[in-house]
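Visitor: Okay, here's the prediction I keep looking at, along with the sequence it came from:
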Amino acid sequence: MMRRLLLAVVALGIVAGLAFWVVTMPRSISASALPARTANPANGEVMFNAGGCANCHASREDRTRLVGGLALKSPFGVFHVPNISPDPDDGIGRWTEAQFVTAMTEGTSPSGRHYYPAFPYGSYRTMRVDDIRDLFAYLKTLPAAQGRVRDHELPFPYNIRRAVGVWKALYLDGMPFTPDPSRSAEWNRGAYLVNGPAHCGECHTPRTALGGLIRDQALSGAPNPEGEGRIPDITQKALGDWTEDDFAELLTSGNTPSFDSVSGSMDLVIRSTSQLPESDRRAMAVYLKSVPGPR
């Protein structure tokens, strides 16, 4: 009897281990899945500014020098932002286009390891693949910058990368952006930018204990992951008296209707959004004005 029980426990353990291995397997996109096309670096620059890539990856002296190194504090430990310049040794100079698309949409590195979701691929995966490919083309036009970034500082069990596959299974919905036919083209452009490349919800949306976004409370504010203060609610529940012009002005100058101005990390965001075409800032404003907030 004990022998059978022991064999059953071992069998269950093997099955559980195999299930964990399959569920947590990193996914990738092959080069054959990307049809031939001519990249548009100019559009890639728009995606670069919408995504605020320079906010985390660039040196403070030059927003085109993507040397990385910024330390992002979180309840799970400290993440060190990587070098994404075209440097072949310290950056992404040896990456293929398919590897870049894989990183942005699947959160998988060229070596086949999970990226931690401090890299907001949960939002980037909603982007159009052509926009991601254009972004890659633009990044290749920027200067190569030497500088190897230190490893993340994460305690057990968060330092087990394979377990990120469980997080992906729970929170990575895999849904690309789908335009709402009942809305205007301007609103849809704003929704795409806010929820995709600009990944506003990554900071302004509350999270579960495991770090997944609580999507039915999107943009309603969240604790500051660095432990100081709170990321504000930017829905109409909190900012109902703001006009579309007010939102557009904030994205342009950082100034609010109450004659105040943003500071901290949001100041860096404005440095990027201010570089967007005025039509894109207006589209983002139109969308933000429409977000009612949680019930």
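Guide: Sure, I can see it. Every value quoted in this text rests on a predicted model; they were computed, and no experiment measured them.
Visitor: in what helix or strand does Lys237 lie?
Guide: When elements are defined using DSSP states H and E, Lys237 is found to belong to helix 236-239.
Visitor: Now do the buried residues in that helix.
Guide: Of the residues in helix 236-239, those buried under the neighbour-count criterion (16 or more other Cβ atoms under 10 Å) are Gln236, Leu239. Backbone N, C-alpha and C define where each C-beta goes, glycine included.
Visitor: cool, and stretch 109-124?
Guide: Neighbour counts using 16+ other Cβ under 10 Å place Ser109, His114, Tyr115, Tyr116, Pro117, Ala118, Phe119, Pro120, Tyr121, Gly122, Ser123, Tyr124 of stretch 109-124 among the buried residues.
Visitor: residue contacts, the spatially most central residue of the chain?
Guide: Centrality entry for the chain: nearest residue to the mean C-alpha point is Pro120, 2.2 Å, by Cα atoms, centre = their mean. Contacts were defined as Cβ atoms under 8 Å, 6 or more residues apart in numbering; by that measure Pro120 touches His199, Glu202.
Visitor: Could you rerun that using 10 Å?
Guide: The neighbourhood of Pro120, defined by Cβ atoms under 10 Å, 6 or more residues apart in numbering, consists of Gly51, Cys56, Met104, Gly107, Pro197, Ala198, His199, Gly201, Glu202, Cys203, Leu213.
Visitor: Ala191 and Leu219 touch, don't they?
Guide: No - with contacts counted by Cβ atoms under 10 Å, Ala191 stays clear of Leu219, the gap being 11.5 Å.
Visitor: Could you provide the contacts of Pro120 in TSV, with additional columns for distance to Ile84 and secondary structure?
Guide: Written out in TSV, the entries for the contacts of Pro120 read as follows (distance: Cβ to Cβ, whole Å; DSSP: H, G, I helix; E, B strand; the rest coil):
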residue	distance to Ile84	secondary structure
Gly51	11	helix
Cys56	9	helix
Met104	11	helix
Gly107	15	coil
Pro197	15	coil
Ala198	17	coil
His199	15	coil
Gly201	22	helix
Glu202	17	helix
Cys203	20	helix
Leu213	23	strand
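Visitor: what's the closest of those residues to Asp260?
Guide: The shortest separation between Asp260 and any of the contacts of Pro120 is 18.6 Å, and it belongs to Cys203 (by Cβ to Cβ).
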